[in-house]
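**Q** Build the 3D model from these lines:
(one chain, ligands or ions: 1)
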Amino acid sequence: FRRVLFRSADAVDSTHETSGGHPRTNGASSTMSTEIDSIAVIGAGTMGSGIALVAATSGIDVHQVDLSSDQLERARAYHDKVLSRNVQKERMTEDEKAEALARISYCESMEDAGAAGWAVEAATENPEVKAKLFKTMSEVFPASAVLATNTSSISITSIATATGDAADRVVGMHFFNPVPVMKLVEVIKGLATSEETVSRTIALAERMGKTPIKANDRAGFVSNRVLMPMINEAFYAWMEGVAEPEAIDDIMKLGCAFPMGPLRLADFIGLDVCHHIMMVLYEELGDQKYFPCPKLR
Ligand code: 3HC
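**A** Predicted structure coming up:
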């Protein structure tokens, strides 16, 4: 007899049923609606620009915020490129593309986005930077706004301490790269996060065509607690000469149905990001098994 964890799909928490929205267009088929008609996305890097695009194609007005005008320009070019491909693939019309682009405004200051009813932070993975940003976010956005972070590993509870009495509105809203393609949003409840904030986050993620799944506020949440040690182990396997890097990736692709091998995925995520997340796991969970492979440095 095989030991199994789940006897059927029914045994899994129903929180994460799919909404059925198209991953690269919009997910307007949500069963729950939210009152949100505009969001601010703080940070216009890979993740921030992806989140902004998915929100805009879901009919939400977006303020894409970044201190760097160059970064905003790159985000604008990325939005145009992905939407043009959607038109070319007949997933949307030229008019729908123009409407989506018109929903995004690009601003260099958070204050310019201050009317937004929701904020998602997708800036540098640095606790001090996030603390400063969240303090400002709690001052700039309306008292009803959810203040979400796309952090991949920093504690939601500790980020929330920067916001004083807004801590109940701080939540983890963890998207995956590339955001327009990947279906998951990991929703993380900090110690002070209210149930209302969590349910509003689930509703917004569904409206964006994503599948929200809840996780608790422990280092790496679920995604990076599981993914990063696997990537780290692939680097150790390479370092110890178990196989050449190409072979490691091909074995995992062909044998375990990964879309890309763990070493290539590490490149895609960024070796610095992988190293940083492993250090968070190592320091917070206190187990030698999380020590980052020297090859990740
Ligand atoms: N933005 C928008 N669309 C994109 C895209 C991007 N950055 N990258 C790829 N796509 C689209 C392509 O346009 C294409 O769509 P179309 O042909 O229907 O128009 C489709 O995705 C497939 O792309 P490709 O044919 O170029 O290549 P692949 O089939 O190899 O797919 C991939 C690329 C989707 C990136 C796939 O390799 C994959 O799923 N890789 C694994 C990604 C993954 O694991 N992400 C999670 C990273 S961990 C994370 O984000 C958490 C963080 O905390 C670390």
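**Q** so is Val171 in a helix, a strand, or just coil?
**A** Assigned with DSSP: H, G, I helix; E, B strand; the rest coil, Val171 falls in the strand class.
**Q** Share the number of residues neighbouring it, please.
**A** 26 (other Cβ atoms under 10 Å). Yep, even glycine has a C-beta here, placed from its N, CA and C like the rest.
**Q** isn't it right next to Asn150, touching?
**A** No: Val171 is not in contact with Asn150 according to Cβ atoms under 8 Å; the separation is 10.7 Å.
**Q** I'd assumed Ser152 was in a strand, is it?
**A** No: under the criterion used here (three-state DSSP), Ser152 is coil, not part of a strand.
**Q** Contacts only, for it.
**A** Going by Cβ atoms under 8 Å, 6 or more residues apart in numbering, Ser152 touches 125, 174, 220, 223-224, 273, 277.
**Q** Get me the contact residues on the stretch 151-297 of the chain for the ligand.
**A** With the criterion set to Cβ under 6 Å from any ligand atom, the stretch 151-297 of the chain comes near the ligand through 152, 176-178, 180-182, 223-224, 259-260, 265, 269, 273.
**Q** surely Ala131 meets Ala162?
**A** Yes: using Cβ under 8 Å, Ala131 makes contact with Ala162 at a distance of 4.1 Å.
**Q** Tell me which of these two has more neighbours.
**A** A direct count of neighbours by other Cβ under 10 Å for Ala131 and Ala162 places Ala162 higher, at 21 against 17.
**Q** picking that back up, so of the residues of the stretch 151-297 of the chain next to the ligand, which ones are in helices?
**A** Among these, DSSP state H puts 223-224, 265, 269, 273 in helices.
**Q** how about the residues you listed in TSV, adding neighbour count?
**A** Formatted as TSV, these follow (neighbours: other Cβ atoms under 10 Å):
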residue	neighbour count
Ser223	18
Asn224	23
Leu265	19
Ile269	19
Val273	18
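**Q** Residue in the stretch 1-150 of the chain with the shortest distance to the ligand?
**A** Using Cβ to the nearest ligand atom, the single residue of the stretch 1-150 of the chain nearest to the ligand is Val82, 4.8 Å away.
**Q** how much space between Leu204 and the ligand?
**A** Applying Cβ to the nearest ligand atom, to the nearest Å, the value for Leu204 to the ligand is 19 Å.
**Q** Val185 too?
**A** Distance of Val185 to the ligand, computed by Cβ to the nearest ligand atom: 11 Å.
**Q** Surely that residue is in a strand?
**A** Yes: applying three-state DSSP, one finds Val185 inside a strand.
**Q** Double-check Thr157 against Asp217; I have them as touching.
**A** Yes: at 5.5 Å, Thr157 counts as touching Asp217 under the criterion of Cβ under 8 Å.
**Q** Once you drop chain neighbours, what's closest to Met230?
**A** Spatial nearest neighbour of Met230, chain neighbours left out: Pro262 (6.0 Å); criterion: Cβ to Cβ, 6 or more residues apart in numbering.
**Q** which ones are touching that neighbour?
**A** By Cβ under 8 Å, 6+ apart, the residues touching Pro262 are 230-231, 234, 248-249, 252.
**Q** for His63, same thing?
**A** Residues near His63 by Cβ under 8 Å, 6+ apart: 38-41, 105, 107, 112-113, 116.
**Q** what ranges do the strands span in the protein?
**A** 38-42, 61-65, 104-107, 118-121, 146-149, 170-174, 184-189, 211-216 (DSSP state E).
**Q** and those strands as JSON lines, adding mean pLDDT?
**A** As requested, the strands of the chain are arranged in JSON lines below (pLDDT from 0 to 100):
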{"stretch": "strand 38-42", "mean pLDDT": "98"}
{"stretch": "strand 61-65", "mean pLDDT": "98"}
{"stretch": "strand 104-107", "mean pLDDT": "98"}
{"stretch": "strand 118-121", "mean pLDDT": "98"}
{"stretch": "strand 146-149", "mean pLDDT": "98"}
{"stretch": "strand 170-174", "mean pLDDT": "98"}
{"stretch": "strand 184-189", "mean pLDDT": "98"}
{"stretch": "strand 211-216", "mean pLDDT": "98"}
